[in-house]
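In: Next one to model:
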Amino acid sequence: MDHQIGGKSLTEWERMNPIVKKIEAGSEVLWLNPHYGEQGADFVSGQDVADAESRLQRFASYFSAAFPETRASRGRIESPIYALPKLQAFLGEFGDTSISGRLMMKADSELPISGSIKARGGIYEVLKTAEQLAMSAGLLRETDDYAKLAEKSFRTFFSYYSIAVGSTGNLGLSIGIVGATLGFHTTVHMSADASQWKKEMLREKGAIVKEYEADYSVAITEGRRQAAQDPRCHFIDDENSKDLFVGYATAGNRLKKQFADAAISVDSDHPLFVYLPCGVGGGPAGVTFGLKQAFGSHVHAFFVEPTRAPCFLLGLLTGLNDQVSVRDFGLDNRTAADGLAVPRPSAFAGKAAGHLISGCMTVSDERLFQYLKALKDTENHWIEPSAAAGIIGSQMLLGSRAGQHYLAEHQLTDKMINATHLFWATGGGMVPEKNKKAYYAQASRVRPISD
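Out: Prediction:
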């Protein structure tokens, strides 16, 4: 007898959604979200995002004081965008389909401090926590120069408090680095999927790393339980955090300004397609919310997950959000994309942004390494395997029946010559040189795209 998943048997799910069998088989798929464009719940507002941007601006002088790598940008934590004409030509010649329009990369792999998208949400929640504590103690006002937070007296003050987080890697790095620099006792609960070099780097930065011989869901649950026992500990909950979400969402208006500066139009005749690697879902969901605030209906966001860990896709497809696991569908959650190795999605992200997401895609580990190598060889940009997930986006959208259906349904087919395809390179900036060489060597052993 089939086991029950949300009150239905596996056979019933397969019958209701034929794509389920392909997902179970580990095939690369494009699933279109039937709830895209529906009215969603008001979990987050545009004002929340504006408040987050203001808070980040208040902390700019602190970053300039505490992190020298941010001085050139005056304490602003932002990443560049790059056009990728050589990769676009390479994929058009050797890939599955040619790419009409323009292919670009949002290089969060180059974000200061922690070299990943998690610098947006993770660092923001640490800052908000620090600000609230300092203000409550009468040590800080909004009108102050926040550079003073780098002084020893504030490090001593924050040392009476703790911050904890559950992570597969990059969120732990961003929170661990900034939390420890401010003076917090910082604990990162890390799953078995997390890369060893990330654990070592966190310890070097002064964070406490607790390792688990289990997946992300176990690590975050145990971290949450331990933090609840300490009234002076703030747990940053990647499965259910509004502050993380709005931190990510600030990316929307920032990208809009970058596009304006680069004379890149986004309107009814120039659609924007964004492909975001997805693990638990908070990062891409927050970014998508911000993109929709900035570009409205002219931006189309697709999440990309490993074929063996498509938790967000299954959460949306079943409507069960965090009440479903990839293991319910026979998948093992094992992937080289360590940051995406998550068995259950964020309930908050699904509810807050599920109606904003055009669809979800899956990508094999083999293809991640193919893309990592192709990007390095053609454009000389380095990213980690999980960050390469979005490169499949434009090819799957343009080269699949489901993708063509989406374009036709939204009257976009004849607009694609003017489209911008932006894949979000979510991390890789902190990868040690020896690990980069190992990744590239592994990529070189994978069947090349040109075969």
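
In: low-scoring stretches of the protein, by residue?
Out: Judged by pLDDT under 70, the chain has its weakly predicted residues at 1, 450-451.

In: hey, which helix is longest across it?
Out: Criterion DSSP state H: the longest helix present in the chain is helix 118-136.

In: what's the next secondary structure element after that helix?
Out: Following helix 118-136 in sequence order, the next helix or strand is helix 152-158 (DSSP states H and E).

In: Can you get me a residue count around A207?
Out: Neighbourhood size, A207 [other Cβ atoms under 10 Å]: 24. For every residue, glycine as well, the C-beta is placed using N, CA and C.

In: which stretch of helix or strand covers the closest residue to it other than its chain neighbours?
Out: Closest residue to A207 apart from its sequence neighbours, by Cβ to Cβ, 6 or more residues apart in numbering: G176 at 3.6 Å. Using DSSP H and E, G176 falls within helix 170-182.

In: Can you give me the distance of I175 to G138?
Out: 26 Å (Cβ to Cβ, to the nearest Å).

In: hang on, I meant W31
Out: Counting by Cβ to Cβ - W31 and G138 are separated by 52 Å.

In: quick one: which of those two has more around it?
Out: Set side by side, W31 and G138 show more neighbours around W31, with 22 against 7, by other Cβ under 10 Å.

In: The spatially closest residue to the more buried one that is not a sequence neighbour: neighbouring residues, count only.
Out: Once flanking residues are discounted, W31 sits nearest to C360: 5.0 Å by Cβ to Cβ, 6+ apart. Here the count is done by other Cβ under 10 Å, and C360 has 27 residues near it.

In: what sits against C360?
Out: 30-31, 33, 278, 302-305, 310, 312-313, 316 (Cβ atoms under 8 Å, 6 or more residues apart in numbering).

In: the inter-axis angle of the helix or strand that S217 is a member of versus helix 170-182?
Out: Element membership of S217 [criterion: DSSP H and E] is helix 216-228. Per axes from the mean of the first three to the mean of the last three Cα atoms, to 10 degrees, the angle that helix 216-228 makes with helix 170-182 is 30 degrees.

In: Go through helix 216-228 and flag the buried ones.
Out: Across helix 216-228, burial judged by 16 or more other Cβ atoms under 10 Å covers 216-220, 223-224, 227.

In: quick revisit: part of a strand, is the residue nearest to W31?
Out: Yes: according to DSSP: H, G, I helix; E, B strand; the rest coil, the state of C360 is that of a strand.

In: Could you check how far it is from K106?
Out: Remark: distance between C360 and K106 (Cβ to Cβ) = 19 Å.

In: With A228 instead?
Out: 36 Å.

In: cool, and E93?
Out: Distance of E93 to K106, given as Cβ to Cβ: 24 Å.

In: Neighbour count for these two, which is higher?
Out: Higher neighbour count among E93 and K106: K106, with 25 against 10, using other Cβ under 10 Å.

In: Need the three-state assignment for the more buried one.
Out: Three-state assignment for K106 (three-state DSSP): strand.

In: That one contacts F423, doesn't it?
Out: Yes: counting by Cβ atoms under 8 Å, F423 is a contact partner of K106 at 7.4 Å.

In: Can you check which residues contact both of the two?
Out: Joint contacts of K106 and F423 (Cβ under 8 Å, 6+ apart) are V274.

In: helices or strands next to the longest helix of the chain in the packing?
Out: Judged by 3 or more Cβ pairs under 8 Å, 6 or more residues apart in numbering; DSSP states H and E, the packing partners of helix 118-136 are helix 46-58, helix 152-158, strand 162-167, helix 170-182, strand 233-236, helix 242-249, helix 282-295.

In: just the angle between it and helix 46-58, please?
Out: Using the same axes, to 10 degrees: helix 118-136 against helix 46-58 is 80 degrees.

In: mind saving the C-alpha coords of helix 118-136 as CSV?
Out: C-alpha atoms of helix 118-136 as CSV (Å, rounded to 0.1, in the frame of the first residue of the first chain):
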residue,chain,number,x,y,z
LYS,A,118,23.2,34.9,2.0
ALA,A,119,25.1,38.2,2.7
ARG,A,120,21.8,39.9,1.8
GLY,A,121,19.4,38.2,4.2
GLY,A,122,21.7,36.7,6.8
ILE,A,123,23.8,39.8,7.4
TYR,A,124,20.6,42.0,7.5
GLU,A,125,19.0,40.0,10.3
VAL,A,126,22.2,40.2,12.3
LEU,A,127,22.3,43.9,11.9
LYS,A,128,18.6,44.3,12.9
THR,A,129,19.2,42.2,16.0
ALA,A,130,22.3,44.3,16.9
GLU,A,131,20.5,47.6,16.3
GLN,A,132,17.5,46.6,18.5
LEU,A,133,19.7,45.4,21.4
ALA,A,134,21.8,48.6,21.3
MET,A,135,18.8,50.9,21.1
SER,A,136,17.0,49.1,23.9
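
In: Buried residues of that helix, list them for me.
Out: Residues of helix 118-136 classed as buried: 118-131, 133-134 (neighbour count, 16+ other Cβ under 10 Å).

In: what's the answer for stretch 393-407, then?
Out: 393-400, 402-403, 406-407.

In: how long is that stretch from one end to the other?
Out: 14 Å (Cα to Cα, to the nearest Å).

In: For that stretch, give me every contacting residue.
Out: With Cβ under 8 Å, 6+ apart, stretch 393-407 has contacts from 28, 30-32, 91, 95-101, 103, 273, 275, 300, 302, 304, 358-359, 361, 412-413, 416, 421, 423.

In: Please flag which of these sit within strands.
Out: Mapping the contacts of stretch 393-407 onto strands (DSSP state E) picks out 30-32, 103, 273, 275, 300, 302, 304, 358-359, 361, 421, 423.

In: wait, which of these is closest to Y371?
Out: Checking the ones in strands among the contacts of stretch 393-407 against Y371 with Cβ to Cβ, the nearest one is F423 at 9.1 Å.

In: in the chain, which residue is closest to the centre?
Out: G283 (3.9 Å; Cα atoms, centre = their mean).

In: Just the element for F369, please.
Out: Using DSSP H and E, F369 falls in helix 365-379.

In: how about the nearest residue to P80 once chain neighbours are set aside, what does it touch?
Out: Nearest non-adjacent residue to P80, counting by Cβ to Cβ, 6+ apart: A107, 5.3 Å away. Applying Cβ under 8 Å, 6+ apart to A107 gives the contacts 79-82, 381, 383, 425.
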